[in-house]
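Enquirer: Have a look; sequence and predicted model below, questions after that.
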Amino acid sequence: MEIPSLAQLKKELSYLSEKELVDLITELAKFSRDNKAYLYFKLNERDMPQLFVNEVKEELEEAFQTANTKNYFLAKKSAQAIRRKLNKALKLSKNKADQAELILYFCEQMKKSEYLKHHHPVIDNLYRVQIGKAVKLISTLHEDLQSDFEYRLGELE
C-alpha cells in the first residue's frame, strides 16, 4: 500500500465536515499517548504558552529524582532513558526557545544530580551532545534570548 503525500491528505481533509474532522482527530488521539499530548498542548498553547515547558520540566525532574545513580552502569541507563523522554518531548514543540530551554534544563539536572561524577564516556558524551544541540539552537534565536541562554550555557560548560 502506497501512503499518500501530505498535500493529498490536506486536500482530502478539506472536503470533510467539522463533525467528521473532530471524530477523525479524536480517533488519532486514541492511537498513542504522544498524539494525545500533542493535541492537548496545541489546544492550550494560546492560553498558557509555558504549559508545555512546565509539564516537561516536571516530568524530567521526577525522572531525575527516581533515577538510580549508585553505579555508572545504572546511571548511564537512567540518563539514556531520561534523554529519550526529552527527545520525545522535543518532537512536540516547534518553538526553538522552548527546545533550548528544555535541553538546558536537562543538562542542569544532569550536573545537579551528579551524573557527571562517574566520568563514564557514554554519560559524558550524552552530556556533550546535548550541550552541542543547545548551542546550535541558541545560535538561531533572537539576540536577547541568545544572551539569556548563553549565560546559562556558560555555567554548564
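Expert: Yep, that arrived.
Enquirer: Mind giving me the packing neighbours of the longest helix along the chain?
Expert: Scanning the chain for the helix with the most residues, using DSSP state H, yields helix 72-92. In this structure, helix 72-92 makes packing contacts with helix 33-44, helix 51-66, helix 96-112, helix 121-139, judged by 3 or more CB pairs under 8 Å, 6 or more residues apart in numbering; DSSP states H and E. All C-beta atoms are positioned from the backbone trio N, CA, C, and that covers glycine.
Enquirer: Any chance you could list what contacts it?
Expert: 34, 37-38, 41, 52, 56, 59-60, 63-64, 67-69, 99, 102-103, 106, 110, 115, 118, 120, 122-123, 126, 130 (CB atoms under 8 Å, 6 or more residues apart in numbering).
Enquirer: quick revisit: got TSV for the helices and strands packed on helix 72-92, with mean pLDDT, distance to Ile3 and mean neighbour count too?
Expert: What follows is the helices and strands packed on helix 72-92, written out as TSV (pLDDT from 0 to 100; distance: least, CB to CB, whole Å; neighbours: other CB atoms under 10 Å):
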stretch	mean pLDDT	distance to Ile3	mean neighbour count
helix 33-44	86	17	14
helix 51-66	93	29	15
helix 96-112	93	28	20
helix 121-139	93	30	16
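Enquirer: As JSON lines, these with distance to Arg83 would be great.
Expert: JSON lines is the format used below for these (distance: least, CB to CB, whole Å):
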{"stretch": "helix 33-44", "distance to Arg83": "16"}
{"stretch": "helix 51-66", "distance to Arg83": "10"}
{"stretch": "helix 96-112", "distance to Arg83": "7"}
{"stretch": "helix 121-139", "distance to Arg83": "6"}
